[in-house]
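1. Sequence first, predicted model second:
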Amino acid sequence: MTTPPSQPQDPDIRSVSNIMEVDAWTGDRMKKQSEVRGFTIMCDEREPNGDNTAPPPLAYFASSILF
């Protein structure tokens with residue numbers, strides 16, 4: 001699914017809003033999965049709480065700042 005960029009209807013309006021739909025699920029132990037715009041994102045925590053099968057949520061957050 002591709003969402004076109006929002007454009008103000010009135011040239012005097014200088015802001016637009018953006019809505020993003022995300023579906024998320026909780027898996028076994030600390031595993032989480034979400035789907036956004038056709039992409040699947042998975043996260044997990046290191047042992048002993050998780051299984052270390054995917055990056056932890058904080059890694060995604062830190063990476064998003066650098067993107």
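-> In hand now; what should we look at?

2. now the strands for this protein?
-> 22-26, 32-36, 39-43 (DSSP state E).

3. mind saving the C-alpha coords of the first one as PDB?
-> Coordinates of each C-alpha in strand 22-26 appear next as PDB, following Å, rounded to 0.1, in the frame of the first residue of the first chain:
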ATOM      1  CA  VAL A  22       0.100  -0.200  11.900                       C
ATOM      2  CA  ASP A  23      -0.900  -3.600  13.100                       C
ATOM      3  CA  ALA A  24       1.100  -5.200  15.900                       C
ATOM      4  CA  TRP A  25       1.100  -8.600  17.700                       C
ATOM      5  CA  THR A  26       2.800 -10.000  20.800                       C
END
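
4. Quick one: end-to-end distance for stretch 35-47.
-> The first residue of stretch 35-47 is 25 Å away from its last residue (CA to CA, to the nearest Å).

5. Enumerate the positions of it that are buried.
-> Within stretch 35-47, the residues that count as buried by 16 or more other CB atoms under 10 Å are 43, 44, 45. C-beta here means a position set from N, CA and C on the backbone, and glycine is covered the same way.
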